[in-house]
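Chemist: I'd like to go over a predicted model; first the sequence, then the structure.
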There are 2 protein chains.
Amino acid sequence: LSETLPFGVISTPNEAPRCAVLLGDDALDLAALQDAGHLRFTPPFATTSLNAFLAMPRSVWVEVRDELESLVGSEAAVAALVSLADCTVHTPFAVGDYIDFFSSREHAENLGRMFRPDSEPLLPNWLHMPVGYHGRSSTVVASGTPVRRPVGQLPEFGPTQALDIELELGFVIGGSENGHGDPVPIEDAAERIFGVVLLNDWSARDIQRFEYQPLGPFLGKSFATSISPWVVPLGALEAQRVDGPAQDPPPLPYLAEPEPRNLDIDLEIELNGEVISRTNASRLYWSAAQQLAHAASGGAVIRAGDLHGTGTISGAAPDQCGSLIEIGLGRFLEDGDEVVMRGSAGAMSLGEVRGTIEPAKNAG
Amino acid sequence: LSETLPFGVISTPNEAPRCAVLLGDDALDLAALQDAGHLRFTPPFATTSLNAFLAMPRSVWVEVRDELESLVGSEAAVAALVSLADCTVHTPFAVGDYIDFFSSREHAENLGRMFRPDSEPLLPNWLHMPVGYHGRSSTVVASGTPVRRPVGQLPEFGPTQALDIELELGFVIGGSENGHGDPVPIEDAAERIFGVVLLNDWSARDIQRFEYQPLGPFLGKSFATSISPWVVPLGALEAQRVDGPAQDPPPLPYLAEPEPRNLDIDLEIELNGEVISRTNASRLYWSAAQQLAHAASGGAVIRAGDLHGTGTISGAAPDQCGSLIEIGLGRFLEDGDEVVMRGSAGAMSLGEVRGTIEPAKNAG
């Protein structure tokens, strides 16, 4: 993971939260490095979130990464290292708007077959746009945060009996804000994407099933969304660029993106220490840039700190799927279960997102 | 409106945004009043949003209102007045999570009859919970902000041909945050609601119709949501409390609220100077406290600055409805149209939310 120079936010018992970069078993304290005069570029790193850095243009992200690469191993950098063992690692940015997309064709078809067995698995809009909805920002939490089993109307009121996971990538948005009413052209969309995290969109299928008509998922999804705490800059993943699956019908001009539009990232899900699924992000139908251009196409302001989930990433076979209902183990999550999702690109790790289920607090 | 001592945020050419209270044709500058030592309670008012004040407990809201009432007309208050003519009035708070509910039974039934003429107008969940979804926070704007006609897939790409309005109340949330995983009991929910604004949930029906299956409204709603800029504290509306319509089946315990649960607020919509609808908020089926308790029931953190829309407020007759498709004028909004929504409670005004349609920027 370190080789990507991923950005996060740490604190120690004696020091307030500040921005850092992961380096092996240490965190490189960017505020300390800045204080000591070792950073030419001076985004505000002595803050509790990456948002101010994210709000800078891509050119600054590139220069800061270049500078950090040249500093690694220097006396100045060594002086600014903090052992991870002494740190709390925080949610790395304040989430603005969180959109969860539905960009894996295999996942959309799998769920379509389950929920609407007598009709076409894909709805009429799916091949024409990255379908998505707004999720809840206040419950995006860092890896390791325990997840309390939610209660709700199943339709009888009680703890969910169908607690599921969704394996996703989360794209972290930054750059200069588009004006209200101005779209983000597809050729500029990639410039707005700072980096990527692993994302587990915890889902209570029974709550979701009863509540979601006609306005979409709400409490079945809004109790917790876990992300890996170290944001891997897209700048570190240039070698992972690959063509996505062919798009037919061809996307409308505002969504037409030159290849390679996808990322070759291997993903796996571990449940209580056993790998239950392996898949790859390269098969996503809609790319991160297409998702962003679509979200902005009507003129919505896209802000630094926005989070765009891909939706569950699934392959054709059950053990390549990103949710328990698709994998088909015949069970949902039980109290005490631990789920870990990991990503890698060749020898390079993208980190992990981890969570353990706590019993419901209110049995109804 | 002034008699409610509504809170907002103003700036002048010489002074940065800060919190204020409306007093006739003036704004009472709370930061100036505080600076001059005239406020015993000292929430941070020299800031660009009401959020820090909203985050305080209800007891502080009450004490600050009491103190302001006693100061009105004093020399100290007169010295802190700024003419509205010299002010810019801003969006009064930074929106955390914005939830749009669907709490008017008449509206839900009207739309059910239109979209599903052959089945029951209400879906099976509607009488059991306040149905809602997360909307977009980044495009909540203050009254007067022009609204650009959005473009999108209708399904052919172009400017919406079905631009509509939705008359709502928006409840502004504050108070001490519930912990992640902890619900807000219904008896505490009202304590978390600071005040109310008028809200126009601009909607592009053609974009919405093509995109919304299966995840709910997205771009058809996320291009703009306008609110009145002066938040009327619920403390000013105690005399407007009225019983809501009977609820059958009775709500589950987590939603069971003693009467009077609703607010008797007259509402009207003016299109280009002509009143096209008059209705009243007292007929809402689900109350603000029920909405909040439901949103928190699965353990989602409810933050100061969250905004809860009621959904379109409609009556039985077309000219008591809150959206153009229900009012049935045979037209949607045209470029240059101006919509004003107003609220009042007896002789007391709740202010207005106003917006004018600008032509689309990108014809596709």
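Modeler: Structure received.
Chemist: Can you name the residue of chain A nearest to chain B?
Modeler: Using Cβ to the nearest Cβ, the point where chain A gets nearest to chain B is A:Gly216, with a distance of 2.2 Å. C-beta here means a position set from N, CA and C on the backbone, and glycine is covered the same way.
Chemist: which residue ranges form the strands in the stretch 101-250 of chain A?
Modeler: Counting by DSSP state E, counting those that start in this stretch, the stretch 101-250 of chain A forms strands over residues A:132-134, A:140-142, A:147-148, A:151-153, A:157-159, A:163-164, A:167-173, A:193-200, A:203-204, A:225-227, A:232-233, A:241-242, given from the N-terminal end onward.
Chemist: give the contact list for the residue of chain A closest to chain B.
Modeler: Under the criterion of Cβ atoms under 8 Å, 6 or more residues apart in numbering or on different chains, the neighbours of A:Gly216 are A:Tyr133, B:Tyr133, B:Tyr212, B:Pro214, B:Leu215, B:Gly216, B:Pro217.
Chemist: A:Arg148 now?
Modeler: With Cβ under 8 Å, 6+ apart as the criterion, the residues that contact A:Arg148 are A:Phe223, A:Ala224, A:Ile357, A:Glu358, A:Pro359, A:Ala360, A:Lys361, B:His180, B:Gly181, B:Gly299.
Chemist: My read is that the first one contacts A:Thr139, right?
Modeler: Yes: with contact defined as Cβ atoms under 8 Å, A:Phe223 counts as touching A:Thr139 (6.2 Å).
Chemist: shared neighbours of the two, which are they?
Modeler: Listed contacts common to A:Phe223 and A:Thr139 are B:Gly299, B:Ala300; contacts here mean Cβ under 8 Å, 6+ apart.
Chemist: A:Gly112 - how many residues pack around it?
Modeler: Burial of A:Gly112 is recorded as 17 neighbouring residues (other Cβ atoms under 10 Å in any protein chain shown).
Chemist: Look at it and report its pLDDT.
Modeler: On the pLDDT scale, A:Gly112 is placed at 91.
Chemist: can you check A:Asn362 too?
Modeler: The predicted structure scores A:Asn362 at 64 on the pLDDT scale.
Chemist: Quick one: name the residues of the stretch 201-350 of chain A near chain B.
Modeler: By the rule Cβ under 8 Å from any Cβ of the partner chain, the part of the stretch 201-350 of chain A lying against chain B is A:204, A:207, A:210-219, A:222-224, A:252-254, A:294-295, A:297-303, A:306.
Chemist: now do 7 Å
Modeler: For the stretch 201-350 of chain A, the residues in contact with chain B (Cβ under 7 Å from any Cβ of the partner chain) are A:207, A:210-211, A:213-219, A:222-223, A:252, A:254, A:297-301, A:303.
Chemist: The longest strand along chain A to strand A:193-200, inter-axis angle?
Modeler: For chain A, the strand with the greatest residue count under DSSP state E is strand A:348-358. With axes from the mean of the first three to the mean of the last three Cα atoms, to 10 degrees as the criterion, the two stretches strand A:348-358 and strand A:193-200 enclose an angle of 40 degrees.
Chemist: buried set for strand A:348-358?
Modeler: Going by neighbour count (16 or more other Cβ atoms under 10 Å in any protein chain shown), the buried part of strand A:348-358 is A:Met348, A:Ser349, A:Leu350, A:Gly351, A:Glu352, A:Val353, A:Arg354, A:Gly355, A:Thr356, A:Ile357.
Chemist: Phi and psi next, for A:Ser70.
Modeler: Backbone torsions of A:Ser70, given as degrees, to the nearest 10, read phi -80, psi -20.
Chemist: Now do the same for it: its pLDDT.
Modeler: So, for A:Ser70, pLDDT stands at 94.
Chemist: any idea how far it lies from A:Ala76?
Modeler: From A:Ser70 over to A:Ala76 the distance is 11 Å, taken as Cβ to Cβ, to the nearest Å.
Chemist: Please apply the same query to A:Gly322.
Modeler: Distance, A:Gly322 to A:Ala76, using Cβ to Cβ: 42 Å.
Chemist: cool, A:Thr4 as well?
Modeler: Applying Cβ to Cβ, the value for A:Thr4 to A:Ala76 is 21 Å.
Chemist: Give me the more crowded residue out of these two.
Modeler: For A:Thr4 and A:Ala76, the more surrounded residue by other Cβ under 10 Å is A:Thr4, and the numbers stand at 24 against 14.
Chemist: What about the residue nearest to the more buried one when sequence neighbours are not counted, how many residues nearby?
Modeler: Ranked by Cβ to Cβ, 6 or more residues apart in numbering or on different chains and with sequence neighbours excluded, the top spatial neighbour of A:Thr4 is A:Ala236, at 3.7 Å. Burial of A:Ala236 is recorded as 19 neighbouring residues (other Cβ under 10 Å).
Chemist: what pLDDT does A:Ala236 get?
Modeler: Per-residue confidence for A:Ala236 comes out at a pLDDT of 96.
Chemist: And the one 3 residues further on, by the same measure?
Modeler: The per-residue pLDDT reported for A:Ala239 equals 96.
Chemist: and A:Leu81, what are its bridge partners?
Modeler: Counting by DSSP bridges, A:Leu81 is bridged to A:Leu28.
Chemist: who are the neighbours in contact with it?
Modeler: Under the criterion of Cβ atoms under 7 Å, 6 or more residues apart in numbering or on different chains, the contact list for A:Leu81 reads A:Leu23, A:Asp26, A:Leu28.
Chemist: Just list the residues touching the second one, thanks.
Modeler: Each residue near A:Asp26 by Cβ under 7 Å, 6+ apart is listed here: A:Leu81, A:Val82, A:Ser83, A:Leu84.
Chemist: what about 6 Å?
Modeler: A:Leu81, A:Ser83 (Cβ atoms under 6 Å, 6 or more residues apart in numbering or on different chains).
Chemist: Give the ranges of residues in the stretch 251-364 of chain A that sit below the confidence cut-off.
Modeler: Flagging of the stretch 251-364 of chain A using pLDDT under 70 yields the residue ranges A:362-364.
Chemist: Pairing partners for the nearest residue to A:Gly315 once chain neighbours are set aside in the sheet, please.
Modeler: Of all residues beyond its chain neighbours, the one nearest A:Gly315 is A:Thr279 (4.8 Å), with distances taken as Cβ to Cβ, 6+ apart. When assigned by DSSP bridges, A:Thr279 has beta-bridge partners A:Leu267.
Chemist: do A:Val151 as well
Modeler: In this structure, A:Val151 has beta-bridge partners A:Pro159, where bridges are defined by DSSP bridges.
Chemist: what's around it, how many residues?
Modeler: 24.
Chemist: Who has more neighbours out of A:Phe223 and A:Thr139?
Modeler: Neighbours per residue (other Cβ under 10 Å) separate A:Phe223 from A:Thr139, with A:Phe223 holding more: 27 against 24.
Chemist: Could you check how far the more buried one is from A:Gly322?
Modeler: If you measure A:Phe223 against A:Gly322 using Cβ to Cβ, the figure is 19 Å.
Chemist: Please apply the same query to A:Trp126.
Modeler: On the measure of Cβ to Cβ, A:Trp126 and A:Gly322 end up 17 Å apart.
Chemist: Looking at these two, which has the bigger crowd around it?
Modeler: Neighbours were counted for A:Trp126 and for A:Gly322 using other Cβ under 10 Å; A:Gly322 has more, 28 against 21.
Chemist: In chain A, mark out all the helices, start to finish.
Modeler: Along chain A, counting by DSSP state H, helices occupy A:30-35, A:51-54, A:58-71, A:75-79, A:105-115, A:186-189, A:205-211, A:288-296, A:324-327.
Chemist: so A:Gly322 touches A:Gly315, yeah?
Modeler: No: assessed by Cβ atoms under 6 Å, A:Gly322 is found out of contact with A:Gly315, at 8.7 Å.
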